[in-house]
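Participant: have a look at this fold, sequence not included:
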């Protein structure tokens, strides 16, 4: 045992080492009545504060939900949207919404494609540096 070897090197006897070990490590002192009461009060305080905190959180959530339900039930839609259905059947819903341009509907009105050449590239501007 390393502890014993170091202690013997300092001149302690085996009996002194055993006595020191039994007094410091192996000896269990039960808590006094005052310490037990303090621990019980501390546990009680922690439990009560935990319950109070949870009650506060649940109450706050209940108030928020009640307020949201009240606002939803009293909300009045003042500007009702005027929706009118188109009388013709929709061939292209994007055109009806105005998102895409109207395309020709018949095969006779095919669009013409004209290809024009790209303009020539413009030369890069030249920068005149001042001479010294």
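Facilitator: Noted; the coordinates are in hand. Given the structure is predicted, the values throughout are model-derived calculations rather than measurements. Numbering: from 1, shown residues only.

Participant: now do residue 113, the pLDDT please.
Facilitator: pLDDT recorded at residue 113 is 74.

Participant: and it, how many neighbours?
Facilitator: 5 (other CB atoms under 10 Å). No exception for glycine: its C-beta is placed from N, CA and C like everyone else's.

Participant: kindly report the same for residue 95.
Facilitator: 14.

Participant: can you check the pLDDT for it?
Facilitator: 74.

Participant: element containing it, please.
Facilitator: Residue 95 belongs to helix 93-97 when assigned by DSSP states H and E.

Participant: buried ones in that helix?
Facilitator: Buried residues in helix 93-97, counted by 16 or more other CB atoms under 10 Å: none are found.

Participant: who are the packing partners of that helix?
Facilitator: Contacting helix 93-97 under the criterion 3 or more CB pairs under 8 Å, 6 or more residues apart in numbering; DSSP states H and E is no other helix or strand.

Participant: looking at residue 1 now. What's its pLDDT?
Facilitator: 47.

Participant: for residue 128, which three-state class applies?
Facilitator: coil (DSSP: H, G, I helix; E, B strand; the rest coil).

Participant: looking at the protein, which helix or strand does the model trust least?
Facilitator: Here the helix or strand of the chain ranked lowest by mean pLDDT, DSSP states H and E is helix 2-9, holding a mean of 50.

Participant: need the helices for this structure, in chain order.
Facilitator: For the chain, the helices defined by DSSP state H cover 2-9, 14-21, 33-74, 93-97.

Participant: good, we can wrap up now.
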